[in-house]
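> I would like to see how this sequence folds:
(4 chains)
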2 protein chains.
Amino acid sequence: MKTVKQADIIDVANHAGVSPATVSRSLNHPDKVKPDTRKRIQKAIEETGYIRNRAAQAIHGRRSGTVGLIVPTLDNAIFANLIQAFSDQLHSSGFTMLVATHGYDLDREYTLLRSLLEHRVEGVGLIGLDHKEETYALIERRGTPCVSMWNYIDDARIPCVGVDNYQAGRTIAKHVLELGHKDIALVFPEARGNDRAQSRLNGVVDVLNGAHVEIPKDRHIKTLYSIKHAREAATPLFVGDYIPTAIIAGNDVIAQGVIHAAHAMNVSIPNDVSVAGIGDFSGSAHMFPSLSTVRLRPNKVGQMAGIILDRLINDPESDASDHISISSELMKRESTQIFR
Amino acid sequence: MKTVKQADIIDVANHAGVSPATVSRSLNHPDKVKPDTRKRIQKAIEETGYIRNRAAQAIHGRRSGTVGLIVPTLDNAIFANLIQAFSDQLHSSGFTMLVATHGYDLDREYTLLRSLLEHRVEGVGLIGLDHKEETYALIERRGTPCVSMWNYIDDARIPCVGVDNYQAGRTIAKHVLELGHKDIALVFPEARGNDRAQSRLNGVVDVLNGAHVEIPKDRHIKTLYSIKHAREAATPLFVGDYIPTAIIAGNDVIAQGVIHAAHAMNVSIPNDVSVAGIGDFSGSAHMFPSLSTVRLRPNKVGQMAGIILDRLINDPESDASDHISISSELMKRESTQIFR
DNA sequence: AATAATAATGCAAACGTTTTCATTTTGATG
DNA sequence: CATCAAAATGAAAACGTTTGCATTATTATT
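Numbers count the residues shown, from 1 in each chain, chains lettered A, B, ... in the order given. Here you go, the predicted model:
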């Protein structure tokens, strides 16, 4: 590729026989230039192949037209919906999205935030509320509009719109209790450094303890976030006579792993054991048996977060301390049933 | 949020008692400034909370440090792996990724490309090879480094690294034929405007026709890309006596829908009907029955595309016409068996 | 100690736009 | 046709950096 000299605004101006100022105006305030010249300029733009340089605009305190999004990973169905909705919403407000992923490394998250700020993003979206002090400090110091997604917490330090994971945990635990189960096992991802998982777990445990149901240590399994891992991790639950009557999984993927483990051990779901997930991922409704779970509506979260961020950016006077909880709902399906 | 005056390089310079030029050098060519002053500058940067303005750098013909990625949608497991690997690879070369989605609308894709070029991305990644003439023309006119991902075609107009979807189609069709099946049905997404699906379909059909196996019209089902849709679309295949002995699905999601349809109609997989997919999505290995499919290795594609794009950007002399095919492999699992 | 070479720094121009202010053109009004 | 207001345009400064060149400080060499 040879680096061709790209047309700039001056080339266009010369080509159209006007001053650069007029070209600029024609682009940014079309009503301020005579329709006739505007047409001439338009023609010159096409003929020269001119494309505005946003860097040069941005330098004038003008808007960069970008927002940043920092997520742990893209490679995860959980976030896909969320990000897509967030992106769509902001795009409809004229923003382009800069995305960076940190792979659950909070140090890296901080570095990425700095990098996005170098690009002068007008706002940032973050996932969750578990961030380094430096990260919070940087956002506050610069006054960057910011919204946290996915997790909802009452007293969050930054505006957040999310699922109330704690509530979701409570919902599914109540469901299981109401079916009459007492011998309950938990299969959850490691909660440290993952506030979503922690909140769910808290919700579940609080409800169970409230009903005087204790979970012995060997019935609280920790697993990684994959079907395969969950399957392996859950298998010990199905050996011997001491089998729980219900299992609550930290999310639907894990629940699926649990169900596979049960099948492999010739344990019938839900006749022998009820299994419940959290999340209602695409597919959960179509599994066999279909999975009882809690619908979290990530696209609503993303969309709402986009709206909030847009408001924070364009109307800085607006109350910056929004905390929006997107309601979740129990999806009772085949994988849970009454304890006989 | 009140807009605080953010520190610029001059503030830092004053703070450190040096000239702006020295600050700039200290940042960009640290070896060119005395360790002592460098330390002083570093301190001033921290105290003022200075963050470089990349727009101002970019204006100097310096690099913007961004690459653009335009995808149909993020909300799709197919692309998740791919994008993540692409992003990781480029991040390790120091780029930040600008992402935009067009929702399978090629007009919008063109608009997005323009928008990314306004941001002076140093390169762009696209999905597939089906683009508007304007899109190709714009890329060529500006000489923007560009790589197309996911689909591999011999004579592609731009560098591409992808799965050979045609080959994948051939592979799975051969597998089914080798098992002895002759009564074969196809369940594919609409191929128009989707060159990946089209290539797969071509591969399948070519092999079948080569073996003189014809697919009657009513055994070539079209469906949308979702488990639910595929399930509904495939159901008619299982009514009556005239049931195929094998079904090839355009991808694993559709295959899963087909399997659900079969179960619902009391048709046993693979005893009554063999089902094969394409893609080997996460989960396909753990379904019941586990799905025979073709592994496409999207992460390899993303990674390789990142490498190519980096090379195209940093070494413009390099041959720009790379066409890399990532090999796929047959994953024989439980959902297909020999025709008795 | 004087000189030469080298390292460190500063000055000012440049990058591609936008915008303020001044100037010119246009059109309306008397 | 003269005058004035309004509309359209241009000239030049500004934005926050980087960099080539000039200058000054430092170190090595004799």
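> Please see if the helix or strand harbouring residue A:228 touches chain B.
Using DSSP states H and E, residue A:228 sits within helix A:227-234. Yes - for helix A:227-234, a contact with chain B is found by C-beta under 8 Å from any C-beta of the partner chain, at A:227-228, A:231. Using the backbone N, CA and C atoms, a C-beta is placed for each residue, glycine as well.
> Can you tell me which of these is nearest residue A:145?
Of all the residues of helix A:227-234 next to chain B, residue A:227 has the smallest distance to residue A:145: 37.7 Å, by C-beta to C-beta.
> I'd guessed the closest one sits against residue B:288; true?
No - using C-beta atoms under 8 Å as the test, residue A:227 is too far from residue B:288 to be in contact (12.0 Å).
> Comparing these two, which shows the higher neighbour count?
When residue A:227 and residue B:288 are compared for neighbours, residue A:227 comes out ahead with 22 against 16, by other C-beta atoms under 10 Å in any protein chain shown.
> Can you tell me, leaving aside adjacent residues, what's nearest to residue A:86?
The spatial neighbour of residue A:86 that comes closest, neighbours along the chain excluded (C-beta to C-beta, 6 or more residues apart in numbering or on different chains), is residue A:302 at 3.7 Å.
> Show me what the strand or helix carrying the one you found packs onto, helices and strands only.
Counting by DSSP H and E, the element that carries residue A:302 is helix A:298-314. The contact analysis (3 or more C-beta pairs under 8 Å, 6 or more residues apart in numbering or on different chains; DSSP states H and E) places helix A:298-314 against helix A:77-91, strand A:146-151, strand A:160-163, strand A:323-326.
> can the helix or strand following the first one be found next to chain B?
Counting by DSSP H and E, the next helix or strand C-terminal to helix A:77-91 is strand A:96-101. Yes - figure legend: strand A:96-101 in contact with chain B (C-beta under 8 Å from any C-beta); contacting residues A:96-101.
> related to what we said a few turns ago, the helices and strands packed on helix A:298-314: which one's closest to residue A:307?
If we rank these by C-beta to C-beta, the stretch that ends up nearest is helix A:77-91, at 6.1 Å.
> Can you spell out which helices and strands pack onto the closest one?
When contacts are defined as 3+ C-beta pairs under 8 Å, 6+ apart, helix A:77-91 sits against strand A:66-71, strand A:96-101, strand A:146-151, helix A:298-314, helix B:77-91, strand B:96-101.
> Identify each buried residue in the fourth one, please.
This means helix A:298-314. Buried residues in helix A:298-314, defined by neighbour count with 16 or more other C-beta atoms under 10 Å in any protein chain shown: A:298-313.
> which ones are touching residue A:16?
Applying C-beta atoms under 8 Å, 6 or more residues apart in numbering or on different chains, we find residue A:16 in contact with A:23, A:37, A:40-41, A:43-44.
> Which pLDDT value goes with the closest residue to it other than its chain neighbours?
Across the structure, with C-beta to C-beta, 6+ apart as the measure, the residue nearest residue A:16 apart from its sequence neighbours is residue A:44 (3.7 Å). Residue-level confidence at residue A:44 comes out at 96, pLDDT.
> contact partners of the one helix or strand residue A:44 maps to?
Here residue A:44, judged by DSSP H and E, is contained in helix A:35-48. For helix A:35-48, contacts defined as C-beta under 8 Å, 6+ apart pick out A:7, A:11-13, A:15-18, A:22-23, A:26, A:30, A:33, A:50.
> Could you single out the nearest of those to residue A:178?
Within the contacts of helix A:35-48, distances to residue A:178 taken as C-beta to C-beta reach their minimum at residue A:30, with 62.8 Å.
> which non-adjacent residue is nearest the closest one?
residue A:38 (6.2 Å).
> where's the one you found relative to residue B:17, distance?
50 Å (C-beta to C-beta, to the nearest Å).
> Residue A:275 too?
From residue A:275 over to residue B:17 the distance is 67 Å, taken as C-beta to C-beta.
> Of the two, which one has the most company?
Here residue A:275 and residue B:17 are compared on neighbour count by other C-beta under 10 Å; more neighbours surround residue A:275, at 30 against 11.
> Test for you: state the pLDDT assigned to that one.
In the prediction, the pLDDT value recorded for residue A:275 is 98.
> any idea which element it lies in?
Remark: residue A:275 resides in strand A:274-276, with elements defined by DSSP H and E.
> Which residues outside that strand are in contact with it?
With C-beta under 8 Å, 6+ apart as the test, strand A:274-276 has contacts from A:172, A:175-176, A:179, A:181, A:245-249, A:255, A:258-259, A:262, A:269, A:291-293, A:335-337, A:339.
> Now do the end-to-end distance for stretch A:317-327.
One end of stretch A:317-327 to the other measures 27 Å (C-alpha to C-alpha, to the nearest Å).
> and chain A, which residues reach DNA strand C?
A:8-10, A:20-21, A:23-25, A:27-29, A:50, A:52-53, A:56-57, A:59-60, A:62 (C-beta under 7 Å from any atom of the strand).
> and the residues you listed near DNA strand D, which?
Applying C-beta under 7 Å from any atom of the strand to the residues of chain A next to DNA strand C, those adjacent to DNA strand D are A:20-21, A:25, A:56, A:59-60.
> Buried ones among those residues?
For those, burial is judged from neighbour counts taken by 16+ other C-beta under 10 Å, and it is met by A:25, A:56, A:59.
> quick one, what contacts the closest residue in space to the second one that isn't next to it in sequence?
Nearest residue to residue A:56 in three dimensions, chain neighbours excluded: residue B:59, at 5.3 Å (C-beta to C-beta, 6+ apart). Contacts for residue B:59 (C-beta under 8 Å, 6+ apart) come out as A:53, A:55-56, A:59.
> what about the nearest residue to residue A:136 once chain neighbours are set aside, how many neighbours?
Counting by C-beta to C-beta, 6+ apart, the nearest residue to residue A:136 once its immediate chain neighbours are dropped is residue A:157, at 5.9 Å. Other residues lying near residue A:157 total 14 when counted by other C-beta under 10 Å.
> cool, and residue A:332?
Under the criterion other C-beta under 10 Å, the count of neighbours that residue A:332 has is 14.
> now swap in residue A:239 and tell me
Using other C-beta under 10 Å, residue A:239 is surrounded by 10 other residues.
> Does anything pack onto the helix or strand containing residue A:197? Which helices or strands?
When elements are assigned from DSSP H and E, residue A:197 belongs to helix A:195-210. Contact analysis of helix A:195-210 by 3+ C-beta pairs under 8 Å, 6+ apart lists strand A:146-151, helix A:165-178, strand A:184-189 as its packing neighbours.
> Let's see that with 10 Å instead.
Of the remaining helices and strands, those touching helix A:195-210 by 3 or more C-beta pairs under 10 Å, 6 or more residues apart in numbering or on different chains; DSSP states H and E are strand A:146-151, strand A:160-163, helix A:165-178, strand A:184-189, strand A:220-223, strand A:246-249.
> Quick one: work out the angle between it and strand A:146-151.
For helix A:195-210 against strand A:146-151, the angle between stretch directions is 50 degrees (axes from the mean of the first three to the mean of the last three C-alpha atoms, to 10 degrees).
> Do me a favour and average the pLDDT over helix A:195-210.
Averaged across helix A:195-210, pLDDT comes to 95.
> go on, stretch A:174-181?
What stretch A:174-181 shows for mean pLDDT is 98.
> ok so, going back, just send the contacts of helix A:35-48 back as TSV, with secondary structure too.
Below are the contacts of helix A:35-48 laid out as TSV (DSSP: H, G, I helix; E, B strand; the rest coil):
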residue	secondary structure
A:7	coil
A:11	helix
A:12	helix
A:13	helix
A:15	helix
A:16	helix
A:17	coil
A:18	coil
A:22	helix
A:23	helix
A:26	helix
A:30	helix
A:33	coil
A:50	coil
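> Cheers, nothing more for now.
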